[in-house]
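Student: Kindly return the folded structure for what I paste below:
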Amino acid sequence: MKLLTVNLGRPTPSEHTDAEGGTGIDKRPVDGPVAVSAPGPHGTAGSGLAGDAVVDLRHHGGDDQAVYAYAREDLDEWQRELGRELPNGCFGENLTTWGVEVTGALIGERWRVGPRLLLEVTGPRTPCRTFHGWIGEHGWIKRFTQAAVPGAYLRVIEAGEIRAGDAVDVVHRPEHEVTIGLTFRALTSRRELMPRLLEAGEALHEEARRKALKYAERAKG
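Tutor: Next up is the predicted model:
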């Protein structure tokens, strides 16, 4: 299991967002080490990777979304389905991985990346209007949702530098069975799964946990 590339983005104008400054979704592989640390609270801080732009702080960035990882194997599947090349970073991911079970990762699972960086899985990416416009495929949000291979957001537990080729080691797996895939389905197409998300405890992305709590309260009635 390893990093194929580390990808950073610059602010890019876009008609598909109302955020001042456009979007940072256009992420591209970089050479050399990149410092990664906890950026700070949601709404006030962006990416955990030095030099990476997160423009719309209302919906992106912050400690629970400090790093976004997507599997090269899943990009390859999308390449075959869409019939076009999808280079590393094109889904807006900071880390393009190889051999890592991203969709099956558990909320709260911890990855050691390189010698020092320690990351914790917090939740899936949910598709937005900017992502739809960036990919430019008809019905993209519906297709992405149906495929249910959303990639994973991670928080920074221990800061460190990373570079392409670094090993990725899963050093902790929680006892529950709440995966990225299950969490994504609960938040999108199968709302009845929402109460199960609470099994992941405080490791779950704060916004997802709040939604799960609200759903569970309504279900009690």
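
Student: Any idea how far apart the tips of stretch 116-133 sit?
Tutor: 36 Å (CA to CA, to the nearest Å).

Student: Stretch 23-41 too?
Tutor: Start-to-end, stretch 23-41 (CA to CA) is 19 Å.

Student: Also stretch 8-28?
Tutor: 5 Å.

Student: tell me what the longest helix seen in the chain is packed against?
Tutor: Longest helix of the chain, by residue count under DSSP state H: helix 206-220. Judged by 3 or more CB pairs under 8 Å, 6 or more residues apart in numbering; DSSP states H and E, helix 206-220 is in contact with helix 180-187. C-beta here means a position set from N, CA and C on the backbone, and glycine is covered the same way.

Student: Averaged pLDDT, the helix it packs on. What do you get?
Tutor: Average pLDDT, helix 180-187: 98.

Student: And stretch 144-163, by the same measure?
Tutor: For stretch 144-163, the mean per-residue pLDDT is 98.

Student: tell me which residues in that stretch are buried?
Tutor: 144-145, 148-156, 160-162 (16 or more other CB atoms under 10 Å).

Student: Quick one: distance of that stretch to the chain centre.
Tutor: From the chain centre to the centre of stretch 144-163 is a distance of 4 Å (CA atoms, centre = their mean, to the nearest Å).

Student: Also compute the angle for the longest helix of the chain relative to helix 180-187, please.
Tutor: If you take axes from the mean of the first three to the mean of the last three CA atoms, to 10 degrees, helix 206-220 sits at 50 degrees to helix 180-187.

Student: what residues does helix 206-220 touch?
Tutor: By CB atoms under 8 Å, 6 or more residues apart in numbering, the residues outside helix 206-220 that reach it are 42, 64, 123, 183, 186-187, 191, 194-195, 197-198, 200, 202, 204.

Student: Could you do stretch 47-65 as well?
Tutor: By CB under 8 Å, 6+ apart, stretch 47-65 touches 6, 8-11, 17, 19-24, 27, 30, 34-46, 66-67, 94, 122-123, 128, 130, 153, 155-156, 205-207.

Student: before we move on, what about stretch 182-189?
Tutor: 107, 123-124, 126, 145-146, 148, 150, 193-194, 196-197, 200, 204, 208, 211-212.

Student: hey, where'd the helices end up in the chain?
Tutor: 72-82, 129-135, 140-147, 180-187, 206-220.

Student: which one of those lies closest to Trp98?
Tutor: helix 72-82 (5.1 Å; CB to CB).

Student: Could you tell me the angle between that closest one and helix 140-147?
Tutor: 120 degrees.

Student: So which elements touch helix 72-82?
Tutor: By 3+ CB pairs under 8 Å, 6+ apart, helix 72-82 packs against strand 95-98.

Student: Partner strands of the strand it packs on, with direction?
Tutor: strand 2-9 (antiparallel), strand 67-71 (parallel) (DSSP bridges).

Student: Count residues in the vicinity of the residue nearest to Glu202 when sequence neighbours are not counted, would you?
Tutor: Take Glu202 and drop its neighbours on the chain: the residue closest to it by CB to CB, 6 or more residues apart in numbering is Arg209, 7.4 Å away. For Arg209, the count of nearby residues is 20 (other CB atoms under 10 Å).

Student: rewinding a little: for the longest helix of the chain, give the mean pLDDT please.
Tutor: 91.

Student: mind listing what's buried in it?
Tutor: For helix 206-220, by 16+ other CB under 10 Å, it's Glu206, Glu207, Ala208, Arg209, Lys211, Ala212, Tyr215.
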